[in-house]
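Colleague: sequence plus predicted model, see below.
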Amino acid sequence: MQVLYKNTRNASEKVTASQAILNGLANNGGLYVPDVIPDLGLSVEELSNMTYKETAYAVMSKFLTDFTEEELKQCIDRAYNDKFDTPEIAPLVCVDDTYYLELFHGATAAFKDMALSILPHLMITSARKNHVTNEIVILTATSGDTGKAALAGFANVEGTRIVVFYPKDGVSPIQERQMITQQGDNTLVVGIRGNFDQAQTGVKKMFSDPELNKELNRAGFQFSSANSINIGRLVPQIVYYVHAWAKLFACGEISADDTINVVVPTGNFGNILAAYYAGLMGVPIDRLICASNENKVLYDFFTTGVYDKNRKFILTSSPSMDILISSNLERLIYRIAGEDAEKNAALMSQLGETGTYAITPKMREQLAVFYGNFADEEETREMIRELFTDTGYLIDPHTAVAAAVYRKYRDETGDEKPAVLASTASPFKFTRSVLCALDDEQDELTDMEMIDVLAGLTGLTIPRPIEEIRSAQIVHSTVCDVDEMESVVRQFLQIGEQK
């Protein structure tokens with residue numbers, strides 16, 4: 001069965017998987033969604049005997065139907081190799097009756113590696129399949145982790161360039177250092193004087209500018225995206241939820257007929273959307289627990305049915321979740337709107353014009369699988385401190401937000417069924433926040449000094465990606481205002497000045 005990809009804002013646009021990966025963003029600012037969610041077609045018994053690579057092929061082949069078996073397996077083999085520091089790729093660790101799905105064992109110590117390790121290979125394969133001769137320009141906004149993971153994936157990949165925009169004062173010092181020390185002649189990292197939502201809006205504006213895209217084409221370039229809006233990011237994320245379900249069965253925690261819960265710290269809504277798609281494929285997920293930090297726009301949405309970004313933007317210790325426009329939510333809105341592109345486009349237009357929209361009661365009924373809540377900064381710190389004190393297990397602030405929200409869910413509902421909690425980053429990526437949660441007297445140290453102190457205090461080994469940035473040379477120092485983003489891209493590509 002061939003799966004094609006539809007535009008959430010234009011019913012007339014339908015493309016293959018490889019075309020959707022290349023385009024990144026659909027026309028009119030829409031997102032690509034599969035025209036059908038394929039059935040997994042495998043039992044949990046069969047999946048429990050598979051390696052991570054085998055599970056990846058079993059899942060991704062259902063969605064990327066214009067890739068040959070050889071092409072897809074080659075992409076998977078190149079992605080999930082020794083760049084991961086554990087042979088399990090995504091270990092499932094039981095701590096205090098919760099299963100933490102560790103997604104941070106890749107090249108940049110964050111969950112974005114799970115998809116961004118394979119995206120460059122999918123992108124290059126897609127370009128060949130569609131006889132693309134233009135150089136592909138990856139244009140990405142990041143709230144912290146996507147940037148470095150994308151840079152690491154695309155650095156020095158022939159036929160590509162990559163530009164990453166990040167909020168200059170909105171990421172952790174270690175996240176920033178990981179990005180600005182990135183080597184590669186085809187890379188550019190730019191700090192913007194603004195927040196992530198402004199960076200993301202600026203990137204979308206360039207994608208949707210027909211004149212700019214015509215000019216790029218004449219110069220031999222075309223834009224694509226490494227953000228979670230690209231289905232080449234979304235599909236690989238489905239894999240680890242299928243994998244986690246199979247591992248729960250393999251270790252005897254569940255039977256074939258048991259349902260599970262999934263807990264996800266959520267910003268741009270891509271990671272939890274992948275879990276939602278896994279459920280539609282056949283993974284027996286009972287509740288999807290959507291955890292927000294103090295930028296709780298998603299919690300308010302699931303509570304009221306109203307999406308409202310008109311609020312103060314708060315910088316927190318979980319910066320990858322400091323987002324007020326959760327782009328991937330549009331894919332869910334499109335689905336619960338009956339896959340009505342016109343209706344979805346009207347809601348997204350309303351969001352753009354007024355900063356808010358409301359869904360109908362009938363649409364809200366279809367969100368019963370979701371539970372939303374949030375954790376504030378003190379709750380986040382307390383979760384890190386308490387879990388480590390009680391169990392010796394150390395988590396980063398994003399994972400702590402999820403753990404704190406999951407505790408609230410259990411207290412409210414009494415639901416004790418097995419839960420998979422997405423642990424999205426190494427605690428060493430957020431050393432200051434984590435160390436100060438354990439010992440607030442260490443606040444005077446530099447972030448680099450804190451790495452050693454945290455390792456000594458916890459007995460943990462410093463991850464290689466964190467160790468490497470200590471002596472790495474700073475390569476990127478460009479900073480710009482939001483309205484200068486297009487000019488910076490033009491200068492990098494040498495295609496003339498912004499009009």
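Modeller: Nice, I can see it. The shown structure was predicted, so the numbers you read here are calculated from the model rather than taken from an experiment.

Colleague: packing partners for the helix or strand of the chain with the lowest mean pLDDT?
Modeller: Here the helix or strand of the chain ranked lowest by mean pLDDT, DSSP states H and E is helix 145-154, holding a mean of 87. Secondary-structure packing of helix 145-154 (3 or more Cβ pairs under 8 Å, 6 or more residues apart in numbering; DSSP states H and E): helix 113-116, helix 119-129, strand 135-141, strand 160-167, helix 173-180, strand 187-193. For every residue, glycine as well, the C-beta is placed using N, CA and C.

Colleague: packed most tightly, which of those would that be?
Modeller: helix 113-116 (a mean of 29; mean count of other Cβ atoms under 10 Å).

Colleague: how close does residue 210 get to residue 29?
Modeller: 12 Å (Cβ to Cβ, to the nearest Å).

Colleague: ok, these two, which is more surrounded?
Modeller: The neighbour comparison of residue 210 against residue 29 (other Cβ atoms under 10 Å) goes to residue 29, with 21 against 8.

Colleague: tell me which of the helices and strands packed on helix 145-154 sits nearest to residue 272.
Modeller: Residue 272 lies closest to helix 113-116 among those, at 13.9 Å (Cβ to Cβ).

Colleague: residue ranges with poor pLDDT in this protein?
Modeller: 497-499 (pLDDT under 70).

Colleague: where's the nearest residue to residue 255 once chain neighbours are set aside, which helix or strand?
Modeller: Distances taken as Cβ to Cβ, 6 or more residues apart in numbering put residue 249 closest to residue 255, at 7.5 Å, once the chain neighbours are dropped. Per DSSP states H and E, residue 249 falls inside helix 231-250.

Colleague: right, and the helix or strand after that helix?
Modeller: Taking DSSP H and E, what comes next after helix 231-250 is strand 260-265.

Colleague: what's the angle between that following strand and helix 231-250?
Modeller: Per axes from the mean of the first three to the mean of the last three Cα atoms, to 10 degrees, the angle that strand 260-265 makes with helix 231-250 is 140 degrees.

Colleague: what sits up against strand 260-265?
Modeller: 98, 241, 245, 248, 254, 271-272, 275, 283-291, 293, 318, 321, 398-399, 401-403, 405-406, 409, 415, 417-422, 424 (Cβ atoms under 8 Å, 6 or more residues apart in numbering).

Colleague: in it, what's buried?
Modeller: Going by neighbour count (16 or more other Cβ atoms under 10 Å), the buried part of strand 260-265 is 260-265.

Colleague: what about the helices in the stretch 1-150 of the chain?
Modeller: 17-23, 44-48, 52-63, 69-79, 113-116, 119-129, 145-154 (DSSP state H, counting those that start in this stretch).

Colleague: distance from the chain centre to the third one, please.
Modeller: Yep, that's helix 52-63 we're talking about. 19 Å (Cα atoms, centre = their mean, to the nearest Å).

Colleague: just stretch 36-43 next, same as before
Modeller: 23 Å.

Colleague: got phi/psi on the spatially closest residue to residue 34 that is not a sequence neighbour?
Modeller: Spatial nearest neighbour of residue 34, chain neighbours left out: residue 3 (5.0 Å); criterion: Cβ to Cβ, 6+ apart. In terms of degrees, to the nearest 10, the main-chain angles of residue 3 are phi -100, psi 120.

Colleague: wait, residue 3 sits on residue 15?
Modeller: No - the criterion here is Cβ atoms under 8 Å, and residue 3 misses it with residue 15 at 11.0 Å.

Colleague: so between the two, which is more surrounded?
Modeller: Between residue 3 and residue 15, counted using other Cβ under 10 Å, residue 15 has the larger neighbour count: 20 against 16.

Colleague: any idea how far the more buried one is from residue 231?
Modeller: 10 Å.
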